[in-house]
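Novice: Quick one: sequence plus predicted model below, questions after.
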Amino acid sequence: MGTVITGAALAAVVFAIIRSMVKAKKNGTSVSCGCGCEHCSKRCGK
C-alpha cells in the first residue's frame, strides 16, 4: 500500500513539473533561459 501512495505522489510531482514547464513555454519563457535569452545559447525559441 505504501508503494502505491509513494508512486502516486511521485506521479503528481512529475505532472506538476511538466505542467509548469509547458505553461512557461506558452508564456514565452523557458526553464533554461529564465529571465530572457540575451545571455543564453538561443535555444529558448527567441
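Specialist: Ah, there it is.
Novice: Show the low-confidence segments of the chain, by residue range.
Specialist: Along the chain, segments meeting pLDDT under 70 span 29-46.
Novice: Do a quick rundown of the helices in it.
Specialist: Assigned by DSSP state H, the chain shows helices spanning 2-26.
Novice: Let me see the residues that make contact with stretch 4-14.
Specialist: By Cβ atoms under 8 Å, 6 or more residues apart in numbering, no surrounding residue is in contact with stretch 4-14. The way it works is simple: take the backbone N, C-alpha and C, and place the C-beta from them, glycine included.
Novice: As CSV, could you dump the C-alpha coordinates of it?
Specialist: The C-alpha trace of stretch 4-14 is given here as CSV (Å, rounded to 0.1, in the frame of the first residue of the first chain):
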residue,chain,number,x,y,z
VAL,A,4,1.1,2.8,-4.3
ILE,A,5,0.9,6.0,-2.3
THR,A,6,4.5,6.9,-2.9
GLY,A,7,4.1,6.2,-6.7
ALA,A,8,1.0,8.3,-6.8
ALA,A,9,2.8,11.2,-5.0
LEU,A,10,5.8,10.9,-7.4
ALA,A,11,3.5,10.9,-10.4
ALA,A,12,1.7,14.0,-9.1
VAL,A,13,5.0,15.9,-8.6
VAL,A,14,6.2,14.9,-12.1
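Novice: Tell me which residues of it come out buried.
Specialist: Within stretch 4-14, no residue counts as buried by 16 or more other Cβ atoms under 10 Å.
Novice: And Ser20, how far from Gly28?
Specialist: Separation of Ser20 from Gly28 (Cβ to Cβ, to the nearest Å): 15 Å.
Novice: Can you report how many residues neighbour Lys26?
Specialist: For Lys26, the number of neighbouring residues by other Cβ atoms under 10 Å comes to 8.
Novice: Roughly how far does it sit from Ser20?
Specialist: Relative to Ser20, Lys26 is positioned 11 Å away (Cβ to Cβ).
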